[in-house]
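Q: Build the 3D model from these lines:
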Amino acid sequence: MSRRGEGSQTRAFPPKAPRKKNFSASLHRRFLYSSDQVAEPPPPAGAFHERPSKPTNFRKLYESRDIPIQMEYHPRGNTIRWKVEFEKLDYHHYLPLFFEGLSETVAPYNFYACKGIHDMLDNGGPKILPVVPQLIIPIRNALNTRNHDVMCTTMKVLQHLVKSGDQVGEALVPYFRQILRVFSMFKNKNINSGDDIAYGQQRRDNIGDLIQETLETFERYGGKDSFINIKYMVPTYESCMTR
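A: Numbers count the residues shown, from 1 in each chain. Below is the predicted model of the structure:
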């Protein structure tokens with residue numbers, strides 16, 4: 001292309017470069033999600049999936065015979081025998097250790113841990129309250145396994161714990177944010193077949209029912225600040241004290 005100017009001189013202009021096509025955002029999205037292409041759904045988050053735990057210190061010490069218990073076999077059911085009197089038992093050492101054993105899913109370690117905890121809570125009295133802060137991490141680890149049996153056992157232990165001594169329930173309230181997160185997730189998770197519901201209720205192993213029962217126990221024994229702290233972590237919970 002040329003242009004005539006003064007003095008009949010010509011000046012050449014370079015050819016214009018081809019203009020690039022500019023796809024708009026809406027056209028780009030239409031191209032990506034056209035009818036012949038189906039977007040794959042995101043993978044499941046797995047919030048309710050079981051998380052296997054590693055062998056605990058409780059198991060290791062039991063196998064090395066550093067825990068003062070042994071099995072006793074009876075026709076009505078097996079139990080454990082303590083080799084040390086509860087008055088002489090170091091609760092700061094053994095109670096957190098047995099609580100760590102709540103994460104065990106292998107027999108007989110899970111049985112030893114659960115039975116030992118209930119024995120110590122029945123006979124500990126004022127020795128339990130000072131140990132409460134040491135129990136929070138083992139409790140949280142047991143609940144975070146997402147294992148049905150482990151969670152049910154842990155919630156039954158928690159109900160026993162808050163009833164085991166004066167002010168124990170109140171001492172647990174500041175730690176609700178660490179242990180109630182799983183409660184909020186599983187609160188409405190129950191077995192949905194009729195016969196299984198009745199059998200589960202008889203054995204007290206329906207997670208949803210046990211969570212509701214445990215939260216009510218927390219509120220009753222946790223003092224005046226218990227409800228507001230439960231409500232913060234489990235918004236669907238309604239007070240049992242106004243019924």
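Q: Low-confidence regions, this structure specifically.
A: Low-confidence segments of the chain, defined by pLDDT under 70, are located at 1-53, 189-204, 243.
Q: Could you pull out the helices in it for me?
A: Along the chain, counting by DSSP state H, helices occupy 25-32, 57-63, 91-100, 109-124, 132-143, 148-163, 168-172, 176-179, 181-186, 194-203, 207-221, 226-233.
Q: Turn these into JSON lines, including mean neighbour count.
A: To be clear about C-beta, it is placed using only N, CA and C from the backbone, and glycine gets the same treatment. Formatted as JSON lines, the entries for these read as follows, by neighbours: other C-beta atoms under 10 Å:
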{"stretch": "helix 25-32", "mean neighbour count": "10"}
{"stretch": "helix 57-63", "mean neighbour count": "17"}
{"stretch": "helix 91-100", "mean neighbour count": "20"}
{"stretch": "helix 109-124", "mean neighbour count": "19"}
{"stretch": "helix 132-143", "mean neighbour count": "20"}
{"stretch": "helix 148-163", "mean neighbour count": "20"}
{"stretch": "helix 168-172", "mean neighbour count": "21"}
{"stretch": "helix 176-179", "mean neighbour count": "17"}
{"stretch": "helix 181-186", "mean neighbour count": "18"}
{"stretch": "helix 194-203", "mean neighbour count": "12"}
{"stretch": "helix 207-221", "mean neighbour count": "20"}
{"stretch": "helix 226-233", "mean neighbour count": "18"}
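Q: Of these, which is nearest residue 82?
A: Relative to residue 82, the nearest member of those by C-beta to C-beta is helix 109-124, separated by 6.9 Å.
Q: chain center to that closest one, what's the gap?
A: On the basis of C-alpha atoms, centre = their mean, to the nearest Å, helix 109-124 sits 21 Å off its chain's mean C-alpha point.
Q: what's the angle from that helix to helix 148-163?
A: Here helix 109-124 runs at an angle of 10 degrees relative to helix 148-163 (axes from the mean of the first three to the mean of the last three C-alpha atoms, to 10 degrees).
Q: coming back round to it: would you tell me which of the helices of the chain gets closest to residue 81?
A: With C-beta to C-beta as the criterion, residue 81 lies closest to helix 109-124 of the helices of the chain, at 9.9 Å.
Q: Determine the set of other helices and strands touching that closest one.
A: On a contact count with 3 or more C-beta pairs under 8 Å, 6 or more residues apart in numbering; DSSP states H and E, helix 109-124 meets helix 57-63, strand 69-72, strand 79-82, helix 91-100, helix 148-163.
Q: Next, format those as JSON lines and append distance to residue 108.
A: Supplementary listing: these in JSON lines, determined by distance: least, C-beta to C-beta, whole Å:
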{"stretch": "helix 57-63", "distance to residue 108": "9"}
{"stretch": "strand 69-72", "distance to residue 108": "7"}
{"stretch": "strand 79-82", "distance to residue 108": "9"}
{"stretch": "helix 91-100", "distance to residue 108": "14"}
{"stretch": "helix 148-163", "distance to residue 108": "14"}
